[in-house]
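Trainee: quick one: sequence plus predicted model below, questions after.
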Amino acid sequence: MKQPTHTIPSREEILGVFRDAGTPLDAATLARALKVKPAAQEVLGRRLNAMQRDGQISAGDDGIYSLADSGGFIAGRIAAHRDGFGFVIPEEPGPDLFLNDKEMQKVLHGDRVLAKVVGTDRRGRPEGTIVEVVERANTHIIGRLLNEGGVWIVAPEDQRMNQDVLVAGGPGKAKAGQVVSVELIEQPARFQQPTGRIVEVLGELDDPGMEIEIAVRKFGVPHVFSPNALKQANKLPNEVRDPDLMDRVDLRDVPLVTIDGEDARDFDDAVYCEPVKLGRERGYRLLVAIADVSHYVKPNDSLDADAIERSTSVYFPRRVIPMLPEKLSNGLCSLNPAVDRLTLVCDMVVTSKGEVTAYQFYPAVIHSAARLTYNQVAAVLADPKGEEAQARPAIVPHLLNLNEVFHALLGARQERGAIDFETTETYIVCNPMGKIEKIIPRTRNDAHRLIEECMLAANVCAADLLIRHKHPGTFRIHAVPTEEKLNQLRTFLKQTGLNLGGGNKPSASDYAAVMREIKERPDAALLQTMLLRSMQQAVYSPDNVGHFGLAYEAYAHFTSPIRRYPDLLTHRAIKAILLGKRYEPKGLDVSKLNTTVSNATRKQAAKDKLEGKAKNEKDLTIWDALGVHCSANERRADEASRDVENWLKCYFMQDKLGESFTGTVAGVTTFGIFVQLDELYVEGLVHVTGLGQDYFQYDEARHLLRGERNGKTFGLTDRV
């Protein structure tokens, strides 16, 4: 006869009852609240005793249990390492808490926990134990289905998920070696592996595009539009209709053009410039026309719901996951040539010194005169009488006007001391199977910079309009570098004979001065990388603190509403201002927004709270939540794109095993060096065991490894 089994509530469920009750409880009351059957109450008692031993609850002589004082506990999120150990990244100011591999058996990467310090590890770091798992971060895991001794398991593709998942109910139609998605039905515990059921079979690991299928699920990127959103998109017209032109400025006779990459499909922006007289001086009228997405995507409709969930388009080699359905992103909203399109225009007056002295925003209809590429425009600017110029003579004068205003704006950029990082971007060329054929550098020319300066000018005007009218919005903010990062940077620069000015509060111009100083150095690229690493990440927030890198007092994203949700929010705010109204996002379920902030942001927020700079909970608005949500989803998109590129690069290098390459040390850690290979533009790890017969010590301040016996060093910018 089969023995009955008793389901005992988890520690998290028990603690939840205490929190909801807000008062001490006896075992009988707990059992009723948790629906524990009489036959299982003895086992419940043992679990309560274990929780008392671990300091989660306390018990009086009368048998009444209560929540233990949480003082001395550390709340934070799990950051797992592929080697089995991990850390608790605290929500309050303080060092990360090391967790050994046994403690990590209780959790998965991203889980929110309550932990306590139990000592220090061999490196002197505080070491802890997990007291409570407050929130589970993972509902599904992607991995390969394997059969080990008759037991079906899924080995996660994400190496930070360092526990295999036991498969409940068998593999179904899935075959060994295939990539599958499992829904977790039991989370890990100290003596229990996570268990899940297969809910989706993605296919074979080598299938074309599999790396993208894995990444979108691994990082939780929404990649299927809801039926309601598609239904709404299909109901939209294929072209601009006469009623759409009401209350719009007609700019169809103005030869605006789009300038984008060769492979671009969605065109957010079109530009036009003409010279004007400003007193006795020459000035410019610069028009930046941006797709009027807000005309078609209304607050809280189905398209808006999908757009806010995505927050951004995600770009992979050979594939884009758009924020909006293709009917809008590549059709009705895209500023394609020779068709009428609705836009929101930033109309600016720019002096010969690059100062915007006046601007206005208004809805308009345009008729793009041409779809140009960066290379075509760069060729025209380099030779106004050359082949490219002769192919489009009517547009050349306007391109030359754009070039003049570009140089004026560029002069203003240099005058205000904005940092101009010139990084080498790469472009992956794939074969028909979706694998890398070659990796080539993508060089920026004057056409790229021209469009960038025009967009920056319009974005600054958008931010200024919000501030002038005291209207809330999602500003694009870039805070000053932290004291910790500055100290690390100064120590490193000192070793290379460089110095960052500005004392404890350097400005963007101080960074720009270092950039000019290193421009001709052979190690300029990696020195620039160190400067970049010292900075904070730009995020979206209603609290305008300026943009450090661009040296702007206020900055907002306005120019890409087809692919960025914050830009769409900015458009709605601007339109409200033009109508003498205010736009306030309503009807949003804040609990469904992504509020996962980066570790660096979490630590800065904790520091602000300690110094009394943080907002009170009651002062947090929907704009705060949207800022965090859009920032988190931007990071999610970047991580997914980077993951796919790294996967493809690993596949690309498979047939090069045993070959020798030269490269530059691009990163140094305790366990080895990262080397960027010449010509291939691939970066990989050389483990410390491959550096020679010696014991290498890591010098964090100087970013190098030094051999104890022979004194050999491996540092940033070294050639190997």
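Mentor: Yep, that arrived. Numbers count the residues shown, from 1 in each chain.

Trainee: so which residue is dead centre in the chain?
Mentor: Centroid check for the chain by CA atoms, centre = their mean gives residue 635 as the closest residue, at 1.0 Å.

Trainee: element containing it?
Mentor: Assigned by DSSP states H and E, residue 635 belongs to helix 622-653.

Trainee: and that helix, what's buried?
Mentor: Using 16 or more other CB atoms under 10 Å as the test for burial, helix 622-653 gives 622-637, 640-641, 643-645, 647-649, 652-653. Using the backbone N, CA and C atoms, a C-beta is placed for each residue, glycine as well.

Trainee: avg pLDDT for that helix?
Mentor: The pLDDT scores in helix 622-653 average 93.

Trainee: now stretch 304-320
Mentor: Throughout stretch 304-320, pLDDT has a mean value of 95.

Trainee: and that stretch, C-alpha only, in CSV?
Mentor: C-alpha atoms of stretch 304-320 as CSV (Å, rounded to 0.1, in the frame of the first residue of the first chain):
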residue,chain,number,x,y,z
ASP,A,304,1.1,50.4,-25.7
ALA,A,305,0.9,47.5,-23.3
ASP,A,306,3.3,45.4,-25.5
ALA,A,307,5.5,48.4,-26.1
ILE,A,308,5.9,49.2,-22.4
GLU,A,309,6.6,45.5,-21.6
ARG,A,310,9.4,45.5,-24.2
SER,A,311,10.6,49.1,-23.6
THR,A,312,13.1,48.9,-26.4
SER,A,313,13.8,47.0,-29.7
VAL,A,314,16.5,44.3,-29.3
TYR,A,315,19.1,44.0,-32.0
PHE,A,316,20.8,40.7,-32.9
PRO,A,317,22.9,39.7,-35.9
ARG,A,318,20.4,39.0,-38.7
ARG,A,319,17.4,39.6,-36.5
VAL,A,320,15.6,42.4,-34.7
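
Trainee: for residue 687, see how far away the closest residue to residue 698 other than its chain neighbours is.
Mentor: What sits nearest to residue 698 in space, not counting adjacent residues and going by CB to CB, 6 or more residues apart in numbering, is residue 670, at 4.4 Å. Distance of residue 670 to residue 687, given as CB to CB, to the nearest Å: 11 Å.

Trainee: can you give me the neighbour number for residue 62?
Mentor: When neighbours are counted by other CB atoms under 10 Å, residue 62 registers 7.

Trainee: three-state assignment of it?
Mentor: Applying DSSP: H, G, I helix; E, B strand; the rest coil to residue 62 yields a three-state assignment of coil.

Trainee: how about it, what does it touch?
Mentor: Residues near residue 62 by CB atoms under 8 Å, 6 or more residues apart in numbering: none.

Trainee: okay, it: pLDDT?
Mentor: With respect to pLDDT, residue 62 has a value of 80.

Trainee: quick one: the strands in the stretch 551-700 of the chain?
Mentor: Secondary structure of the stretch 551-700 of the chain (DSSP state E, counting those that start in this stretch): strands at 663-669, 672-677, 683-687, 696-699.

Trainee: can I get those in JSON lines with mean neighbour count?
Mentor: Formatted as JSON lines, the strands of the stretch 551-700 of the chain follow (neighbours: other CB atoms under 10 Å):
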{"stretch": "strand 663-669", "mean neighbour count": "19"}
{"stretch": "strand 672-677", "mean neighbour count": "20"}
{"stretch": "strand 683-687", "mean neighbour count": "14"}
{"stretch": "strand 696-699", "mean neighbour count": "16"}
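
Trainee: looking at the ones you listed, spot the one closest to residue 120.
Mentor: Of all these, strand 696-699 sits nearest to residue 120, with 18.5 Å by CB to CB.

Trainee: what helices or strands is that closest one leaning on?
Mentor: Applying 3 or more CB pairs under 8 Å, 6 or more residues apart in numbering; DSSP states H and E, one finds that strand 696-699 contacts strand 704-707.

Trainee: could you name the helices and strands sitting against whichever helix or strand comes after the strand it packs on?
Mentor: Moving toward the C-terminus from strand 704-707, the next helix or strand (DSSP H and E) is strand 713-715. The elements that strand 713-715 packs onto, with contact taken as 3+ CB pairs under 8 Å, 6+ apart, are strand 663-669, strand 704-707.

Trainee: rounded mean pLDDT for strand 713-715, please.
Mentor: 87.

Trainee: which residues does that strand contact?
Mentor: By CB under 8 Å, 6+ apart, strand 713-715 touches 665, 668, 673, 691, 696, 702-707, 720.

Trainee: can you redo those as TSV with pLDDT?
Mentor: Output for the contacts of strand 713-715, formatted as TSV (pLDDT from 0 to 100):
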residue	pLDDT
665	88
668	89
673	93
691	89
696	88
702	75
703	78
704	85
705	91
706	90
707	88
720	88
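
Trainee: residue 175: which of these is nearest?
Mentor: Checking these against residue 175 with CB to CB, the nearest one is residue 673 at 39.8 Å.

Trainee: gap between the closest one and residue 714?
Mentor: Applying CB to CB, the value for residue 673 to residue 714 is 5 Å.

Trainee: what residues are shared contacts of these two?
Mentor: Common contacts of residue 673 and residue 714, defined by CB under 8 Å, 6+ apart, comprise 665, 691, 705, 720.
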